[in-house]
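Participant: Okay, predicted coordinates and the sequence, questions at the end:
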Amino acid sequence: MIPESPQGRFRWALSESLILVGIFAAWAVITALVGILSQLSLALLRPVLSLPHPLFELLQATGGVWRIAFSVATLTACLSVLVRAGTLIVSHYVETTERTTPSETQTLEG
């Protein structure tokens, strides 16, 4: 649950933000590695294989990976936010129902 103190809330918000930054950073690193490895293999295989080889087309097509990785990173971050928000809502509901006693419920209804 979210802490009650402002300092605790700030630390909680900061940790949640770092999780989202970590998601984007992980996808950026994966995408960069794919791009670097594909270009490296393209440079190493070009002298070995004949020029119109289908592998060259495949490796050159990895240039559009950034768009796909950004979409996946955005989707992953949004899913993380939705799951975390759902968890907070459920925790808040459980916490408020535990505070309410049966006698208070009857007083409110009657």
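Facilitator: Arrived safely.
Participant: Give me the helices and strands touching the helix or strand encompassing residue 14, please.
Facilitator: According to DSSP states H and E, residue 14 maps onto helix 6-45. Secondary-structure packing of helix 6-45 (3 or more CB pairs under 8 Å, 6 or more residues apart in numbering; DSSP states H and E): helix 54-60, helix 65-99. Bear in mind the C-beta positions are built from the backbone N, C-alpha and C, glycine included.
Participant: pLDDT on the longest one, on average?
Facilitator: Averaging pLDDT along helix 65-99 yields 81.
Participant: Could you pull out the buried residues of that helix?
Facilitator: 69, 73, 77 (16 or more other CB atoms under 10 Å).
Participant: Mind checking what secondary structure residue 47 has?
Facilitator: coil (DSSP: H, G, I helix; E, B strand; the rest coil).
Participant: Burial check on it, number of neighbours?
Facilitator: By other CB atoms under 10 Å, 6 other residues sit near residue 47.
Participant: What separation is there between it and residue 38?
Facilitator: 17 Å (CB to CB, to the nearest Å).
Participant: just residue 67 next, same as before
Facilitator: From residue 67 to residue 38 the distance is 15 Å (CB to CB).
Participant: quick one on the thing from earlier: tell me the angle of the helix holding residue 14 relative to helix 65-99?
Facilitator: 150 degrees (axes from the mean of the first three to the mean of the last three CA atoms, to 10 degrees).
Participant: Nearest to the spatial middle of the protein, which residue is it?
Facilitator: Nearest to the geometric centre of the chain sits residue 77, at 3.1 Å (CA atoms, centre = their mean).
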